[in-house]
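Student: just a sequence and a predicted model for now, questions to come.
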Amino acid sequence: MSFEANSLKIWLQAARLRTLPLSFSGIIAGAALALSEGVFNIYIGVLSLWCTLLFQVISNFANDYGDGLKGTDNDQRIGPKRVLQSGLLAASQLKRGIVFLSVVAVFSVLLLLTVSFGISNWPYFLLFFVLGIASIWSAIRYTVGASAYGYKGLGDLFVFLFFGLLSVLGSKFLYTLHISLSDIFPALVIGSLSVSVLNLNNLRDHENDRLSDKNTLVVKLGYKWGKRYHMLLFFLAFLASLGTAYFSFESSLNLLPLLVFIPLLFHLIKVSKTTSPSLLDPELKKVALLTFLWSIFFLIGSNYLL
C-alpha cells in the first residue's frame with residue numbers, strides 16, 4: 001500500500017471513519033456497566049476501542065469490496081460513491097487491505113484477552129478468542145462471497161448480535177468476568193438502534209438492492225413494512241432504555257439517556273412521512289450519533305457518584 005498523502009486520503013475514505021461512533025457505542029455502554037460496579041482498566045478500555053475500530057474498518061473495506069464485485073454499488077445507488085465503484089482503489093488493493101487489517105485484528109484481540117484474562121483464565125480466553133474471530137468473519141462475510149449473509153436478509157440479526165449483545169455484554173465481561181441479567185437492557189438499546197441504522201440504509205437502497213438481488217430484510221418486507229419495522233426497533237429501544245433506567249435508578253441523572261428519544265421521535269416522524277428514499281440518507285448519521293450520545297449519557301448517568 002502506498003502511504004502518499006493522496007493515497008492515505010483514499011484509504012481513509014474507504015475506512016468511513018464516520019461509522020466509528022456507532023460501533024464505539026456498545027463498548028462505551030459496557031464500560032459504563034463495569035464502572036458502575038467500581039471496576040475499570042484503562043488498558044482494556046483502549047484495546048477494546050482499538051479492536052472495535054479494526055472490526056468496523058474491516059467491515060467497511062469488505063462491504064466496499066463485496067458490493068463492488070457484485071455490482072450492487074452502481075450509478076443507481078443512492079448515497080456517497082464507494083472507492084471501488086469510483087475506481088479510486090482496485091479490488092486487489094481492497095482485498096490486501098482486508099487481509100492486512102484482519103491479521104492486525106487477530107493480534108490485537110490476543111493482546112486484549114491477555115490483559116483481561118491472563119493465562120490462568122484460559123477457558124474465557126479461548127471463548128473470547130473464538131468470538132473475536134467470529135467478529136472478523138462477520139465483518140467480512142456481510143457482503144463478501146457467494147453466501148454473503150447480507151444478501152440473504154440476515155444483516156439485521158448479525159448487527160443486533162455483534163453491535164448489541166456481544167459489544168455491550170462482552171466488553172463488560174472483559175472488566176468484571178461476570179454479567180447480570182439487567183445488563184441485557186442497555187445491550188438491547190444499542191442493538192436495536194444499531195439495527196435501525198442498517199434498516200435506514202436498506203430503506204434508502206431498497207430499490208437498487210432489489211434489482212441487484214441483494215435480498216435485505218427491507219427487500220423481503222417491502223418499503224412500507226420496512227418503515228413499520230423501523231418504528232418497532234425504536235419502540236424496543238425505548239422500552240429497553242426504560243428498563244435500563246429502572247434497574248440502575250439512583251437519581252434523576254439515570255434518566256439522562258431517555259432525552260435522546262426526543263430527537264429520535266422527530267426522526268421517526270420524518271421517516272414516516274418520507275416517500276422518497278433518497279431523503280433518508282441524512283437520517284443515518286443522525287441516528288448513529290444519537291446512539292453514541294445515548295451511550296455517553298448512560299456512562300454519565302450511571303457513574304455520576306464516582
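Tutor: Happy to help now that I have it.
Student: C-alpha only now, for contacts and for neighbours.
Tutor: OK.
Student: quick one, what contacts the closest residue to L161 other than its chain neighbours?
Tutor: Distance criterion Cα to Cα, 6 or more residues apart in numbering; nearest residue to L161, sequence neighbours excluded, is G191 at 7.1 Å. With contacts defined as Cα atoms under 8 Å, 6 or more residues apart in numbering, the neighbours of G191 are V159, F160, L161, F163, G164, L165.
Student: can you rerun that using 10 Å?
Tutor: G191 makes contact with 25-26, 156-168, 185, 233, 236-237, 291, according to Cα atoms under 10 Å, 6 or more residues apart in numbering.
Student: low pLDDT regions in this protein?
Tutor: Scanning the chain for pLDDT under 70 picks out the ranges 1-6, 71-81, 304-306.
Student: could you pick out the longest helix of it?
Tutor: Secondary structure of the chain per DSSP state H: the longest helix is helix 42-70.
Student: now do it: distance to the chain's middle.
Tutor: In terms of Cα atoms, centre = their mean, to the nearest Å, the centre of helix 42-70 is found 9 Å from the chain centre.
Student: ok, stretch 144-155 next?
Tutor: Worked out by Cα atoms, centre = their mean, stretch 144-155 lies 17 Å from the chain centre.
Student: buried residues in that stretch?
Tutor: Residues of stretch 144-155 classed as buried: V144, A148, Y149, G150, Y151, K152, G153, G155 (neighbour count, 16 or more other Cα atoms under 10 Å).
Student: pull the most distant pair out of those residues.
Tutor: Farthest pair in these (Cα to Cα) is V144 and G153. Separation: 14.1 Å.
Student: which residues in the stretch 51-200 of the chain form helices?
Tutor: Secondary structure of the stretch 51-200 of the chain (DSSP state H, counting those that start in this stretch): helices at 91-117, 122-141, 155-159, 171-176, 184-204.
Student: figure out which of those helices is closest to A34.
Tutor: For A34, the closest of the helices of the stretch 51-200 of the chain is helix 171-176, at 5.4 Å, according to Cα to Cα.
Student: just checking, A240 touches I184?
Tutor: Yes. The pair A240 and I184 passes the contact test of Cα atoms under 10 Å, sitting 8.4 Å apart.
Student: more crowded one of the two?
Tutor: Set side by side, A240 and I184 show more neighbours around A240, with 20 against 17, by other Cα atoms under 10 Å.
Student: number of nearby residues for the closest residue to the more buried one other than its chain neighbours?
Tutor: Nearest non-adjacent residue to A240, counting by Cα to Cα, 6+ apart: F185, 4.9 Å away. Using other Cα under 10 Å, F185 has 24 other residues around it.
Student: residues contacting the residue of the chain most remote from its centre?
Tutor: Among the C-alpha atoms of the chain, the one most distant from their mean position (Cα atoms, centre = their mean) is that of S120, at 31.2 Å. Counting by Cα under 10 Å, 6+ apart, S120 makes contact with T114.
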